[in-house]
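**Student:** dropping the sequence and predicted coords here.
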Amino acid sequence: MIIIGITGSMAMGKSTLVQLLKKQGNFPVMEADAEIKRLYAMPHVQQQLILLRPNLVKDQIVQRGNLMSFILENPYHLLHLESILYPELAKVRQKFLQKCQTLQMKLVFLDIPLLIEKQMQHLCDYIIVVNCPQWLQQKRLEERDQKSQKLRELLMQQQMPSLQKMKQADFVVQTGLNKRYIVQQLQTILRKINE
C-alpha cells in the first residue's frame, strides 16, 4: 500500500484536489480537517474541552464563537486544543490505514494541512504540496467568512512558507489555472507513482 500525503498552506486548493481525487479514481482519502469536525462531536472530546473552559460546550454542541475567542485570547490555547485533538486524530488515521490495508487498497491519501510543520512526513511514501500564486491565495482568503479573519491569521502564522514546503515535496500541484489542469497534473503524478 502506497501512502501519499497532501498538504499546502491555507486557500491553496487542497480541497479541490481532494474532490478531484475522489471523483477521478475513487481513491480513499482521510481529510484531517473533516475528522477534527467529527471529533468535536465526540462526548469524551467535549468533556476535555469543558475542563479547558466550561463555555466551550453547551447542550453537547461545541460553541464555535467561544472556541474562536478562546484560541485568539492566547496562542497557547491552540496548543491545549491540539493536545486534545491530535492524539484522537492519530487513532482515526490508524483505523483508516488499517481498513485500507484490509481492503488491499493500492493507493491511499492523507490530507493533512500541517503535515510538514508537525514533522509527519514519515507517515507517507510520497508528499504532494498544493500551491497557487500568492495573489490568488489572498483572493480566496478574502472570499471566506470575515468573522474568522483573525483566527485565519493566527493559523497562517503556524504554516511554513510555501516555497519551503515545495522543497520538501515529491510532487507539486499548481491550482491557479483550472480543474482540467489540476486533473492533468494529478494523472501525471499517479502514473509516475504507479511506475
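**Tutor:** Received, thanks. As the structure is a prediction and not an experimental result, all values here were calculated from the model.
**Student:** report the distance from the helix or strand of the chain with the lowest mean pLDDT to the chain centre.
**Tutor:** Lowest on mean pLDDT, DSSP states H and E among the helices and strands of the chain sits helix 149-158, with a mean of 71. For helix 149-158, the distance from its own C-alpha centre to the chain's C-alpha centre is 15 Å (Cα atoms, centre = their mean, to the nearest Å).
**Student:** in that helix, which residues are buried?
**Tutor:** 151, 155 (16 or more other Cβ atoms under 10 Å). Where C-beta positions appear, they are placed from N, C-alpha and C, glycine not excepted.
**Student:** put the alpha carbons of it into PDB.
**Tutor:** What follows is helix 149-158, C-alpha atoms only, in PDB (Å, rounded to 0.1, in the frame of the first residue of the first chain):
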ATOM      1  CA  GLN A 149     -10.100  36.500   9.800                       C
ATOM      2  CA  LYS A 150      -8.100  36.900  13.000                       C
ATOM      3  CA  LEU A 151      -8.200  33.200  13.600                       C
ATOM      4  CA  ARG A 152      -7.000  32.600  10.000                       C
ATOM      5  CA  GLU A 153      -4.100  35.000  10.500                       C
ATOM      6  CA  LEU A 154      -3.100  33.100  13.700                       C
ATOM      7  CA  LEU A 155      -3.300  29.800  11.800                       C
ATOM      8  CA  MET A 156      -1.300  31.100   8.900                       C
ATOM      9  CA  GLN A 157       1.500  32.000  11.300                       C
ATOM     10  CA  GLN A 158       1.800  28.300  12.100                       C
END
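**Student:** name the residues of the next helix or strand after that helix that are buried.
**Tutor:** Once the chain leaves helix 149-158, the next helix or strand it forms, by DSSP states H and E, is helix 162-167. Within helix 162-167, the residues that count as buried by 16+ other Cβ under 10 Å are 162, 165.
**Student:** excluding chain neighbours, what is closest to residue 10?
**Tutor:** Of all residues not flanking residue 10 in the chain, residue 156 sits nearest, at 5.9 Å (Cβ to Cβ, 6 or more residues apart in numbering).
**Student:** now do residue 100
**Tutor:** residue 108 (4.6 Å).
**Student:** tell me who's in contact with that neighbour.
**Tutor:** 1, 2, 3, 4, 27, 28, 29, 30, 96, 97, 100 (Cβ atoms under 8 Å, 6 or more residues apart in numbering).
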